[in-house]
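# sharing a model prediction with you, sequence too.
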Amino acid sequence: MERRYPRIRFQKRLDDLKKDVEDLGETSLSSYKKALDAFITYDEELVDAVMKSTDKLDEMNYRLEHRAMSIIASEQPVAKDLRFIEACIKVGSHLKRMGYLASNIAEVAKHIKEEDVPEKPMTDIRHMGDIVEGMVSKSIYAFLNKDMNLVREIRRDDDKVDDLFDKALEDISKSMFQEKDAISYLIYVLFVARFLERIADRAENIGDRTIFMITCEKREDKED
């Protein structure tokens, strides 16, 4: 029994690291949902909550990275365990960036809160937002549960988001042409569409990191 103790302790540290990723994912997803709600139906309290969450995400990600580096330094893991630890660091970074992008959406909400945004662009944003929310949730679950089938779903969802971004760009451009006075705030709606596309890319990156952790097959991360 004594001989097994160091391995049990090591597994406990890996479990704690996995829990850090889970907590960071829940916080990031919550921030995203609040930001999208704040944009669609302006709520100042939601905006404030999203803006404040960035500090919490920073702290959580720092704790995750510190724990990961401590495990590497003291346990010297190899192969599968090392890939898991490295993946946790990378996934934590993506989740933190999702939170930052959520705060960007909340910031936009403050600029258009009194504007009557045309229905078509808003419909595009709502549709994008729903798919992206599903992608973020799937990416967290896929990583925590090593679910490669979900990763394939995420890739298909990302194609849908890209198509919807193109449609949103077209609809926003039409609205700008029809209502010249709306150009100043429709630019902000376009920003939100772009932020959603970037969050979707982050979710896909988490999925790809999951595949690499399991199979060592790597695709290049999408850039911001």
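Nice, thanks for sending it over.
# low-confidence ranges in the chain?
The model of the chain has pLDDT under 70 over residues 1-6, 114-115, 219-224.
# got a list of what residue 67 touches?
Counting by CB atoms under 8 Å, 6 or more residues apart in numbering, residue 67 touches 13, 16-17, 20. Where you see a C-beta, it was placed from the backbone N, CA and C, and this is true even at glycine.
# only the buried subset of the residues you listed, as a ChimeraX command please.
Selection of buried members from the contacts of residue 67 for ChimeraX, criterion 16 or more other CB atoms under 10 Å:
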select :13,17,20
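# which ones among the contacts of residue 67 map onto helices?
Counting by DSSP state H, the part of these found in helices is 13, 16-17, 20.
# distance to residue 50 added to the residues you listed, as TSV?
Listed next are these as TSV, based on distance: CB to CB, whole Å:
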residue	distance to residue 50
13	32
16	27
17	26
20	21
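# check those against residue 78 and report the nearest one.
residue 13 (15.0 Å; CB to CB).
# which residue packs closest to that closest one, ignoring adjacent ones?
Leaving aside its sequence neighbours, residue 13 sits nearest to residue 71 (CB to CB, 6 or more residues apart in numbering; 5.3 Å).
# same question for residue 36.
Excluding the flanking residues, the one nearest residue 36 by CB to CB, 6+ apart is residue 129, at 4.6 Å.
# measure how buried that neighbour is and give me the count.
24 (other CB atoms under 10 Å).
# isn't it right up against residue 37?
No - Residue 129 lies out of contact with residue 37 (CB atoms under 8 Å); the separation is 9.3 Å.
# please name the nearest non-neighbouring residue to residue 87.
Excluding the flanking residues, the one nearest residue 87 by CB to CB, 6+ apart is residue 213, at 4.3 Å.
# in the host helix or strand of the one you found, what's buried?
Assigned by DSSP states H and E, residue 213 belongs to helix 183-215. Neighbour-count burial for helix 183-215 flags 185-186, 188-214 (criterion: 16+ other CB under 10 Å).
# stretch 61-78 too?
Applying 16+ other CB under 10 Å to stretch 61-78 flags 61, 64-65, 67-68, 71, 75, 77 as buried.
# check stretch 98-109 too.
Buried residues in stretch 98-109, counted by 16+ other CB under 10 Å: 98-109.
# same question, stretch 160-176
Buried residues in stretch 160-176 (16+ other CB under 10 Å): 160-161, 164-165, 167-168, 171-172, 175-176.
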